[in-house]
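Visitor: Sequence first, then the predicted structure:
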Amino acid sequence: MTAMIRDGAALLSIGAVVATMCVGSTGFGEMLDDALAALRTGYETLAVGPLQDAARVLRARADASDADGSAHYHLARALEGLGLYHLTRGEQEDARRYFEEGLQEVKIAVERRPTAADYHTELGNLYGNLAGQSGVVGKMRNGRLSTAAFTRALELDPRNALAHVGMGIAKLETPAAFGGSIVDALAEFRTARALDPTCDEAWTWEGIALRRQGAVADARRAFTKALDVNARSNHAQRELAALDEDF
């Protein structure tokens, strides 16, 4: 999810198993594929088990041999997912710890491949999550860094839907006095879903923005559309449930 959850909102050693495998072996490759599949499942559903499994394997892969930074990038996403999981449970300190750890991993990824738009997008996600967990000064600092990362991602790839979602979240969460705008945020979310019709986070955040405008029926339609696109989206499920409870 790119899913920075501002409204709502371990890792096991791989030990001897990895020690017996060559990094380039078929066995490890299959394990890596399994880890990425677990990451996708865990990130969408905020299921802690798959996220922990993914992080465990990716930690073993995120070393000097990770020349293009991809293992560090995916590890950062797993750590972000674990942070979001704890955030939904009200465990802010644990959430912040995972966001900070993820930030260090994605910074390595960016250093190793500075032209990867996805890496800058994840950098923006993690700075954005940390902004949501910070005081006034930290919120402003991390918010600026988040926006800068999304801006760079879109310079590298203007069609990066998740970077548009991230930029929209930044516009939504920034006070109007400092340049924030719900209207501009909605434009970013709609650009994202036009670029990628399967981007459920674009629909979910559009629903959040519409709810803030008081457009409850439109918000409900947006959350429902997000679930049509991805029935496993924990984020959309929670937002729709909260809307139904309140209205």
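Guide: Ah, there it is.

Visitor: show me where this structure has helices.
Guide: Along the chain, the segments classed as helices by DSSP state H run 15-19, 26-45, 48-61, 70-88, 92-112, 117-132, 136-156, 161-173, 182-195, 200-212, 216-229, 234-246.

Visitor: Make TSV out of those and add mean pLDDT and mean neighbour count.
Guide: Heads up, the C-betas are built off the backbone N, CA and C, glycines and all. Output for the helices of the chain, formatted as TSV (pLDDT from 0 to 100; neighbours: other Cβ atoms under 10 Å):
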stretch	mean pLDDT	mean neighbour count
helix 15-19	25	11
helix 26-45	82	17
helix 48-61	95	22
helix 70-88	97	26
helix 92-112	98	20
helix 117-132	97	26
helix 136-156	95	18
helix 161-173	96	26
helix 182-195	98	19
helix 200-212	97	26
helix 216-229	98	18
helix 234-246	95	18
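
Visitor: how far does stretch 172-180 stretch from start to finish?
Guide: Taking Cα to Cα, to the nearest Å, the first and last residues of stretch 172-180 lie 6 Å apart.

Visitor: which outside residues touch that stretch?
Guide: 6, 128, 131-132, 140, 143, 170-171, 182, 185, 205, 208-209, 212 (Cβ atoms under 8 Å, 6 or more residues apart in numbering).

Visitor: Please compute how far that stretch lies from its chain's middle.
Guide: 21 Å (Cα atoms, centre = their mean, to the nearest Å).

Visitor: ditto for stretch 208-217
Guide: Taking mean C-alpha positions (Cα atoms, centre = their mean), stretch 208-217 and its chain are 22 Å apart.

Visitor: could you turn that stretch into CSV, dropping everything but the C-alphas?
Guide: Extracted in CSV, the C-alpha atoms of stretch 208-217 (Å, rounded to 0.1, in the frame of the first residue of the first chain):
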residue,chain,number,x,y,z
ILE,A,208,-10.2,10.0,2.7
ALA,A,209,-10.0,13.4,1.0
LEU,A,210,-13.7,13.4,0.0
ARG,A,211,-14.7,12.5,3.6
ARG,A,212,-12.8,15.6,4.8
GLN,A,213,-14.8,17.7,2.3
GLY,A,214,-18.0,16.3,3.8
ALA,A,215,-18.8,14.3,0.7
VAL,A,216,-19.7,11.1,2.5
ALA,A,217,-21.5,9.3,-0.3
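
Visitor: what does that stretch contact?
Guide: Contacts of stretch 208-217 (Cβ under 8 Å, 6+ apart): 7, 168, 172, 182, 185-186, 189, 218-219, 222, 239, 243, 247.

Visitor: again, 10 Å this time
Guide: Residues outside stretch 208-217 that contact it (Cβ atoms under 10 Å, 6 or more residues apart in numbering): 5-7, 168-169, 171-172, 181-190, 207, 218-223, 235, 239, 242-243, 246-247.

Visitor: on that earlier part again, same list, the contacts of stretch 172-180, but as JSON lines with distance to residue 50 please.
Guide: Output for these, formatted as JSON lines (distance: Cβ to Cβ, whole Å):
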{"residue": "6", "distance to residue 50": "23"}
{"residue": "128", "distance to residue 50": "23"}
{"residue": "131", "distance to residue 50": "27"}
{"residue": "132", "distance to residue 50": "24"}
{"residue": "140", "distance to residue 50": "34"}
{"residue": "143", "distance to residue 50": "30"}
{"residue": "170", "distance to residue 50": "28"}
{"residue": "171", "distance to residue 50": "32"}
{"residue": "182", "distance to residue 50": "34"}
{"residue": "185", "distance to residue 50": "30"}
{"residue": "205", "distance to residue 50": "23"}
{"residue": "208", "distance to residue 50": "25"}
{"residue": "209", "distance to residue 50": "29"}
{"residue": "212", "distance to residue 50": "32"}
